[in-house]
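Peer 1: sequence plus the predicted model coming up.
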Amino acid sequence: MNFFNFFKHLLLLVIFLTLSGFSSVDSIKTDEEKQRLEEFFQDLEGFTRVFSDIKQLYVDEIDNKELFNNAIKGMVTGLDPHSNYLEPKEQENLLESASGKFGGLGIVIAKKDDAIQVISPIDDTPAYRAGIQSGDLIVKIGNKPVSGMTLEEGVDLMRGDPDTEVTLTIVRKDKKPFTINITREIITIISVKGYLIEKNIGYVRISSFQGPTAELIKTTINKLVKKNGRYLDSLILDLRNNPGGVLEGAVDVSNLFIDKKGLVVYTEGRIKSSNLKFKTETGDVLLGAPIVVLINEGSASAAEIVAGALQDHKRAIIMGKTSFGKGSVQTVINLDDGYGLKVTTARYYTPSGRSIQAKGIVPDIALKNISLENEKEENIANTKEKDLNGHLEIEDPSKLSSEEILKSQEKNKDDQDKKAIEKLKKDYFVHEASNLLKALKVLDK
């Protein structure tokens, strides 16, 4: 028996014994089941033929494990942009991101054709301060072209020790390619900031969703109420360029403003454990005061859950641009020898049953990216979840306690607040949201 036949029969035997739904020949009763099994073995024979040909004909001798790893990776990444077969180093990076302390740049990225695309820079990170914009295409990291590189390899090159520098070559719409030098830092994100932009009008910015985010919002709103001298008449909730984060954080934030029974979000998949419902809880920290939620193409995942829940419950007016459309749930499975499998297991749905996946949240009032300072329009690419060819990576925030986060915010706060409020008043989205809230207040009289 030659190598091909030996390998084919061995592989067929192993898969036949482990294949779900075909535990014994006696269990195959219908013609449809028999046909499915025959088609399966035909496809498997094609795979073993290619494996055998590569083993015998490829110019260099290749280890079986490497071939199997490549085959598995291709099988998983072909499913959707977010499923992936993680080698030990990639699995380690994922766990490091979840713990939140690493040297990085502070960007949410995805693979797009032969480049790495910036979905959004994260507030107050090196990438944000360096001027990286949503829609930028990274074509070179240092002296290494991104073409042919996996997203994980790109992430690995951009990470590094704090205070070390990396050079990115950027392609931006209507501009010639240019380079940006960015110094890496430990990425610790302050997820909530709040300002009283005008009398009775509060502004709260959520840059990502963490465990303590809801508690931070409550504390922030209480401070704004104290500064205002009375309850707020209205609130602007800014979710622009918010890449998401912890699901429970999004549910808790939604529940701060929804005061009736129902759902915040639910998930549906093929297996029972993927079908989950997250219910609302009574209590509204704003006591029913009007809310405008700002979103754009960089608002994804957990940010879309909040916007969708508040929109479906008619608790807020959604203003801005259609969100990114990342409405799928990934489960990470630990495999042997440090490997991991990240696979999409469910989809998110808003309370009314709308799927977020590849559609996004459509605003009630659409806005363009206009500057009030007569600058050129921002060049934010219209790439959505459905356009992605590669895996979405999020450089997750540090798990600081709410007390630690608030303490860090107090430093130089007064001066920073004044500058931030001046900048917000020149922000077209915030300007329009403020005008709408004022109009609603007039109509309510």
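Peer 2: The structure has been received and is ready for your questions. Since we're looking at a predicted model, the values are computed, not measured.

Peer 1: ends of stretch 285-304, what's the gap?
Peer 2: Using Cα to Cα, to the nearest Å, one end of stretch 285-304 lies 21 Å from the other.

Peer 1: same check, this time on stretch 73-90
Peer 2: 12 Å.

Peer 1: buried stuff in that stretch?
Peer 2: Buried residues in stretch 73-90, defined by neighbour count with 16 or more other Cβ atoms under 10 Å: 73, 76-77, 80-87, 90. The C-beta positions use only the backbone N, C-alpha and C, and glycine is treated the same way.

Peer 1: what about stretch 249-268, average pLDDT?
Peer 2: What stretch 249-268 shows for mean pLDDT is 96.

Peer 1: distance between that stretch and the chain's centre?
Peer 2: Distance of stretch 249-268 from the chain centroid (Cα atoms, centre = their mean, to the nearest Å) equals 19 Å.

Peer 1: same question for stretch 70-82.
Peer 2: The answer for stretch 70-82 is 19 Å, by Cα atoms, centre = their mean.

Peer 1: likewise for stretch 331-346?
Peer 2: 18 Å.

Peer 1: now do the same end-to-end measure for it.
Peer 2: 9 Å.

Peer 1: about what we covered before: now flag whichever of the buried residues of stretch 73-90 is closest to Asp337.
Peer 2: Top of the list for closeness to Asp337, among those and by Cβ to Cβ, is Glu87 at 9.6 Å.

Peer 1: what is the nearest of the buried residues of stretch 73-90 to Val118?
Peer 2: Of all the buried residues of stretch 73-90, Val118 sits closest to Pro81, with 15.3 Å by Cβ to Cβ.

Peer 1: do you know how far that closest one is from Ala358?
Peer 2: Going from Pro81 to Ala358 by Cβ to Cβ, to the nearest Å gives 10 Å.

Peer 1: Lys227 now?
Peer 2: Distance, Lys227 to Ala358, using Cβ to Cβ: 42 Å.

Peer 1: about what we covered before: in helices, which of the buried residues of stretch 73-90 appear?
Peer 2: Counted as lying in helices by DSSP state H, out of the buried residues of stretch 73-90, are 73, 76-77, 90.

Peer 1: helix, strand, or coil at Met319?
Peer 2: Per DSSP: H, G, I helix; E, B strand; the rest coil, the local secondary structure of Met319 is strand.

Peer 1: is it bridged to anything, and to what?
Peer 2: Per DSSP bridges, the residues bridged to Met319 are Leu294, Ile365.

Peer 1: about what we covered before: more neighbours: Lys227 and Ala358, which one.
Peer 2: Shown here are Lys227 and Ala358; by other Cβ atoms under 10 Å, Ala358 has more neighbours (18 against 12).

Peer 1: so that one is in contact with Gly325, correct?
Peer 2: Yes. Counting by Cβ atoms under 8 Å, Gly325 is a contact partner of Ala358 at 4.9 Å.

Peer 1: how far away is Pro126 from Pro145?
Peer 2: Taking Cβ to Cβ as the measure, Pro126 falls 22 Å from Pro145.

Peer 1: show me which of these two is the more surrounded one.
Peer 2: Pro126 (23 against 13).

Peer 1: now the end-to-end length of stretch 312-326.
Peer 2: 18 Å.

Peer 1: buried ones in that stretch?
Peer 2: Neighbour-count burial for stretch 312-326, with 16+ other Cβ under 10 Å as criterion, is recorded at 312-313, 315-326.

Peer 1: kindly report the same for stretch 136-149.
Peer 2: Judged by neighbour count using 16+ other Cβ under 10 Å, the buried positions of stretch 136-149 are 136-141, 146, 149.

Peer 1: got a pLDDT number for Glu61?
Peer 2: pLDDT, Glu61: 93.

Peer 1: any idea how far it is from Ile54?
Peer 2: Distance, Glu61 to Ile54, using Cβ to Cβ: 10 Å.

Peer 1: which single helix of the protein contains the most residues?
Peer 2: Longest helix of the chain, by residue count under DSSP H: helix 31-57.

Peer 1: remind me what that helix packs against, helices and strands.
Peer 2: With contacts defined as 3 or more Cβ pairs under 8 Å, 6 or more residues apart in numbering; DSSP states H and E, helix 31-57 has these neighbours: helix 3-18, helix 64-77.

Peer 1: looking at those, which has the lowest confidence?
Peer 2: Taking the mean pLDDT of the helices and strands packed on helix 31-57, helix 3-18 comes last: a mean of 56.

Peer 1: domain ranges for the protein?
Peer 2: 3-62, 84-186, 192-373+400-444 (automatic domain parsing).

Peer 1: still on that earlier bit, quick one: the longest helix of the chain to chain centroid distance?
Peer 2: For helix 31-57 - counting by Cα atoms, centre = their mean - the centre lies 37 Å from the chain centre.

Peer 1: now it: buried residues?
Peer 2: Result for helix 31-57 [16+ other Cβ under 10 Å]: buried residues 37, 44, 48, 51-52.
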